[in-house]
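Undergrad: quick one, structure for this:
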Amino acid sequence: MESIGSILVALDRGATSLQALSKAVMIARRFDARLHLYLCDAERAYVLRHQYDTPAAHAVLKSAVGEAHEFLQNLWGSLAVDDLRADFDAASESPLCEAIVRKVRHSGADLVIRAIGADGTSPGSIMSATDLELVRTCPVPLLLTRIRPWSPTPRFAVAIDLSDEERPRLTSMCCTAPERSPTHRPRNSARLRRSERGRCKRGRGRFTSSPGSLPRRCPSSLRVRSTI
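TA: Just a heads-up that it's a prediction; the model follows:
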């Protein structure tokens with residue numbers, strides 16, 4: 001990846017959002033890139049899609065997406081950035097990882113930035129099930145960052161997948177990683193990958209469902225977009 005034309009920032013409503021967005025702004029200024037701010041309320045989507053009262057569930061989803069879109073606008077306004085292009089997209093879809101990947105493909109982003117543990121399923125310094133699944137499935141480079149500010153000269157740990165089982169991709173993560181040869185593969189790497197995927201599926205209920213398997217009586221997904 002020689003240049004970055006657009007950056008997708010996967011946000012949530014927590015304290016991690018402002019730091020993640022601030023770092024995305026720094027990178028966007030360096031490459032003169034466009035920012036896509038994305039917030040997906042996967043938890044509420046999963047719960048409401050299994051409700052029998054379809055009109056009520058649809059109304060709640062619509063309200064939640066509107067609030068999420070307003071949150072993105074207010075968050076962007078708090079940074080007082082006037083030299084970058086940005087658009088906002090709020091949605092209510094589940095599972096969260098699949099929703100983010102769909103947004104990546106739809107937006108054509110060259111880089112995804114997300115705070116570690118942003119979905120609230122694990123402490124801020126520990127990768128959540130969604131983080132682990134994104135590392136495996138994200139079609140573009142992924143930068144995972146902790147909530148603490150960067151130093152004047154930030155350092156990045158870069159993980160490169162060179163295995164035959166996964167399509168090679170570059171994953172940039174702001175987290176500590178052991179030093180090893182790029183060609184080194186643990187003896188039980190295949191077993192570890194299967195175990196990791198199993199934990200992702202068992203860790204949260206939303207990883208075991210798919211939009212095609214949802215009852216027809218429940219609303220599908222809702223989305224609100226805007227551009228500045």
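Undergrad: ok, then the element right after the lengthiest helix in the chain?
TA: Ranked by residue count, the top helix of the chain under DSSP state H comes out as helix 54-78. The helix or strand immediately downstream of helix 54-78 is strand 86-92, counting by DSSP states H and E.
Undergrad: between that next one and helix 54-78, how many degrees?
TA: 150 degrees (axes from the mean of the first three to the mean of the last three CA atoms, to 10 degrees).
Undergrad: who does strand 86-92 touch, helix- and strand-wise?
TA: strand 34-40, helix 42-48, helix 54-78, helix 96-107, strand 222-227 (3 or more CB pairs under 8 Å, 6 or more residues apart in numbering; DSSP states H and E). The way it works is simple: take the backbone N, C-alpha and C, and place the C-beta from them, glycine included.
Undergrad: comparing those, which comes out most buried?
TA: Looking across the helices and strands packed on strand 86-92 with neighbours counted as mean count of other CB atoms under 10 Å, the highest average goes to strand 34-40: a mean of 24.
Undergrad: distance of Ser92 from Leu142?
TA: Separation of Ser92 from Leu142 (CB to CB, to the nearest Å) stands at 23 Å.
Undergrad: try Ala33
TA: 16 Å.
Undergrad: how about Asp83, nearest residue that isn't a chain neighbour?
TA: Excluding the flanking residues, the one nearest Asp83 by CB to CB, 6 or more residues apart in numbering is Arg29, at 7.1 Å.
Undergrad: returning to what we had before: who has more neighbours out of Ala33 and Leu142?
TA: Neighbours of Ala33 and Leu142, each counted by other CB atoms under 10 Å, are more numerous for Leu142; the result is 25 against 21.
Undergrad: so that one touches Leu134, yeah?
TA: Yes: at 5.8 Å, Leu142 and Leu134 qualify as touching, with contact defined as CB atoms under 8 Å.
Undergrad: between these two, what contacts are shared?
TA: Residues touching both Leu142 and Leu134 (CB atoms under 8 Å, 6 or more residues apart in numbering) are Val112, Arg114.
Undergrad: so in the protein, where's the weakest helix or strand by average pLDDT?
TA: strand 170-173 (a mean of 41; mean pLDDT, DSSP states H and E).
Undergrad: for the helices and strands packed on strand 86-92, which has the smallest mean pLDDT value?
TA: With a mean of 60, strand 222-227 has the lowest mean pLDDT of the helices and strands packed on strand 86-92.
Undergrad: reformat the helices and strands packed on strand 86-92 as TSV; add distance to Val158.
TA: As requested, those are exported to TSV (distance: least, CB to CB, whole Å):
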stretch	distance to Val158
strand 34-40	22
helix 42-48	28
helix 54-78	28
helix 96-107	19
strand 222-227	32
